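Q: Sequence first, predicted model second:
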Amino acid sequence: MPTGEPALPTTPSAAPFGRLHECADCGQRQYVPHPAPGDIAACLRCDKVLRRGQRDPLPRTLALGITGIVLLLIACTSPMMDVSTTGMDRTATLLTGPEGLELHGLWELGLLVVLTTIAVPLAHLTGLTWVVGTLRLTRPPRHLPRLFGLLQHLRPWSMVEVYLVGLFVAYTKLRQLAHIETGPALWALVILMLVVVAVDALLDPEAVWETMERRGVLRRLPGCAPDDGIACHVCGAVTDAPEGAYCPRCESRLHARKHASLQRTWALALAATVLYVPANVLPVLTYVELGSGQPSTILGGARELLDGGQWPLALIVFLASVAVPVLKLLGLFTMLITAQLGLTARLQDRTTLYRVIALIGRWSMIDIFMESILVALVQFGGLVRIEPGYGALAFAAVVVLTMFAAESFDPRLMWDRAAETAARRTRSRPAVPAEAVSAQ
Ligand SMILES: [Zn+2]
Ligand SMILES: [Zn+2]
């Protein structure tokens, strides 16, 4: 791992080398230099990666973005799998799964699958390609900063890589029931996943903002004293605009800390906890063979895989669908309670916990994606068919609510409250009497 180029101290006397930045995880203000290609600028206090140095990030993002759009269009329009058994044959595209869910009355789930596997990835890739592409024009469009700000919200909801794992689990289950032939859409999705991962690794948002300033789409940000102003939680700009004003860079509403963060996170996490019960008690799918059905819950699905000797897949399904939601909820409550109490212990660990929760939440969608594929493909008349259950709807709601909860939690509050507690303790500590000092 390349050693991080250290950020400079935040004292006003320090030369304003680089740009003033507020760490989104701990709130530490620091000047972040432009890292050389391959180097990393990390937070002084919590080690969060603030910026990665990349060589030519924009032209390479443009090339990857165009490739990604073409691959997604291939994935949407060509067959993904062909399943045949006892003379019956079914072909699936990316849209067959959501259609199958809609046919069984679970249109909300179908919509969620379309949004996360087609609509958001397409919007994200097209938006990104548009931004980095039109920045090369003589007169780049004026809406670019606002558009690029909005794109920052979309990324967690683009789930191509999660879908692919769901597809793999479904493929393994289907192989026991029928003969499968893979289509071009499947391979397009595999390459698309690599493209999406490469875009994530390559894109340096700060480089895009800087290019916008250089190309005259944005005016250069006015200077701000290191301890003043507000950091935009969308684009990271630190400006002296007041609370509630619009960010001069991405036009998002400015708040020193995420608005009503703790209250919103509590509400979302509690709602997710309540829904976790039906998600595990109600069947997520029913396997109907020769007219008689076997309803299966999430845990039951993992056990079936284990009984079938496919323990790696059983482990994936168990981790994604059972362990991750529970750990996520426990983690959210831990962060909420410790932030509220202003505890000073293990701040670094709690910040790492926040990062893990924000990162892993989307992977719970594996089960939903797998189910959408199975429901669409396993429809062989009276012989064998798979029907979705309402447990899947409750489970999807748990995943979505915990993702929103992680999004609305502001980890800087843990550091703020801990600092307040430490200051209070210092103030309330009794002053040492002069006699006691002289007696020692
Ligand atoms: Zn930090
Ligand atoms: Zn902003």
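A: Cool, the structure landed. Numbers count the residues shown, from 1 in each chain. Ligands and ions are numbered 1, 2, ... in the order given.
Q: Now do the SS call for residue 116.
A: helix (DSSP: H, G, I helix; E, B strand; the rest coil).
Q: That one against residue 155, yeah?
A: No - the pair residue 116 and residue 155 does not pass the contact test of CB atoms under 8 Å, sitting 11.6 Å apart. All C-beta atoms are positioned from the backbone trio N, CA, C, and that covers glycine.
Q: So which of the two has more stuff around it?
A: Higher neighbour count among residue 116 and residue 155: residue 116, with 24 against 15, using other CB atoms under 10 Å.
Q: quick check, distance from stretch 28-44 to the centre of its chain.
A: The chain centre lies 23 Å from the centre of stretch 28-44; the measure is CA atoms, centre = their mean, to the nearest Å.
Q: same deal with stretch 196-206?
A: Centre-to-centre, stretch 196-206 and its host chain are 14 Å apart (CA atoms, centre = their mean).
Q: same thing with stretch 403-415?
A: The chain centroid and the centroid of stretch 403-415 are separated by 13 Å, computed with CA atoms, centre = their mean.
Q: now check it, is it near ligand 1?
A: No - contact of stretch 403-415 with ligand 1 (CB under 5 Å from the ion) is absent, the minimum separation being 8.1 Å.
Q: which other residues reach that stretch?
A: For stretch 403-415, contacts defined as CB atoms under 8 Å, 6 or more residues apart in numbering pick out 23-28, 45, 156-157, 233, 257-258, 261-262, 264-265, 268-269, 272, 328, 332, 335-336, 338-339, 347, 350-351, 354, 357-358, 361-362.
Q: For residue 117, give me the pLDDT.
A: Here the pLDDT value assigned to residue 117 is 93.
Q: Quick one: end-to-end length of stretch 247-264, please.
A: 22 Å (CA to CA, to the nearest Å).
Q: Mind listing what's buried along it?
A: Using 16 or more other CB atoms under 10 Å as the test for burial, stretch 247-264 gives 247-252, 254-258, 261-262, 264.
Q: tell me which residues form a beta bridge with the closest residue to ligand 1 within the stretch 101-250 of the chain?
A: Sorted by distance to ligand 1 under CB to the ion, the residues of the stretch 101-250 of the chain start with residue 231, at 11.6 Å. For residue 231, the beta-bridge partners under DSSP bridges are residue 238.
Q: do stretch 234-244 and ligand 2 meet?
A: Yes - if you take CB under 5 Å from the ion as the test, stretch 234-244 does meet ligand 2, through 234, 235, 237.
Q: Which member of those is positioned nearest ligand 2?
A: For the residues of stretch 234-244 next to ligand 2, the nearest to ligand 2 is residue 235 (3.3 Å; CB to the ion).
Q: The closest one - nearest residue in space that isn't next to it in sequence?
A: Distances taken as CB to CB, 6 or more residues apart in numbering place residue 250 nearest to residue 235, at 4.0 Å, with adjacent residues excluded.
Q: Near ligand 1, which residues of this structure are found?
A: Going by CB under 5 Å from the ion, the residues of the chain near ligand 1 are 23, 25, 26, 28, 43, 45, 46, 48.
Q: let's see it at 8 Å
A: Contact residues, the chain versus ligand 1 (CB under 8 Å from the ion): 23-28, 43-48, 50, 351.
Q: thinking again about what came up before, quick one: which of the contacts of stretch 403-415 sit in helices?
A: Those of the contacts of stretch 403-415 mapping onto helices are 261-262, 264-265, 268-269, 272, 328, 332, 335-336, 338-339, 347, 350-351, 354, 357-358, per DSSP state H.
Q: Tell me, how many residues neighbour residue 108?
A: 12.
Q: okay if I get the buried residues of stretch 247-264 as TSV plus distance to ligand 2?
A: TSV is the format used below for the buried residues of stretch 247-264 (distance: CB to the ion, whole Å):
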residue	distance to ligand 2
247	3
248	8
249	4
250	3
251	7
252	5
254	7
255	11
256	13
257	15
258	13
261	17
262	22
264	20
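Q: for these, which one is nearest ligand 1?
A: residue 257 (14.3 Å).
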